[in-house]
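K.L.:
Mind looking at a prediction? Sequence and model below.
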Amino acid sequence: MCEDTSAGPSVALMCHVYQLPCAERQVMLQLLTCEMPLCQGTKDDVVDISAGRALHAAAKNPVAPLWAENCDHQNVELSPEYLPRLRTFVRDVQSKARNT
C-alpha cells in the first residue's frame, strides 16, 4: 500500500500509478516531470523486474534505479544500497529546491 506522506502531489500520483496495470502506468508516467527513483528487488515474485525496467524507461526524468540484488517484493529496504541511495536522492532534491 502506498501512502501520501505530504511530500507533494507527484508522490500521491505515483502511488496511484503503481496500482494501475503496467501499460497504463507507462502512460501515466508521462504526467510526472519530477525525478523519480525506482527500487525493486531482482527476486521479486509479485511484480516482475521487467515491469520495473519498463517503468524506468518510460519515466521522463528518471534517476539511476536500484535493482536490489537478491531482494524480493517485501524486503528491498534491507539491501545495503537502499539507505545510501535514498539519502543521496533526498539530498539532491533538497539541494535543487534550495537553488530554485
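P.N.:
Great, that's in hand.
K.L.:
Verify the assumption that residue 40 is located in a helix.
P.N.:
No: counting by DSSP: H, G, I helix; E, B strand; the rest coil, residue 40 falls outside a helix, being strand.
K.L.:
And the average pLDDT for the helix or strand residue 28 falls within is what?
P.N.:
Element membership of residue 28, judged by DSSP states H and E, is helix 22-29. Helix 22-29 comes out with an average pLDDT of 67.
K.L.:
cool, stretch 42-54 as well?
P.N.:
Stretch 42-54 carries an average pLDDT of 89.
K.L.:
Kindly report the same for stretch 76-94.
P.N.:
When pLDDT is averaged over stretch 76-94, the result is 91.
K.L.:
Contact partners for the residue nearest the centre of the chain?
P.N.:
Centrality entry for the chain: nearest residue to the mean C-alpha point is residue 38, 2.9 Å, by CA atoms, centre = their mean. The neighbours of residue 38, taking CB atoms under 8 Å, 6 or more residues apart in numbering as the test, are 52, 55, 56, 59, 62, 65, 66. In this view, the C-beta of every residue, glycine as well, is placed from N, C-alpha and C.
K.L.:
Pick out the most distant pair among those residues.
P.N.:
59 and 66 (13.9 Å; CB to CB).
K.L.:
Please identify the buried residues of the longest helix along the chain?
P.N.:
Of all segments of type helix in the chain, defined using DSSP state H, the longest is helix 82-98. Burial within helix 82-98, assessed by neighbour count using 16 or more other CB atoms under 10 Å, is assigned to 82, 85, 89.
K.L.:
So what does the residue lying closest to the second one once chain neighbours are set aside have for phi and psi?
P.N.:
Pointing back at residue 85 there. Ranked by CB to CB, 6 or more residues apart in numbering and with sequence neighbours excluded, the top spatial neighbour of residue 85 is residue 66, at 5.1 Å. Residue 66 adopts backbone torsions of phi -110, psi 110, taken as degrees, to the nearest 10.
K.L.:
Cool, thanks, signing off.
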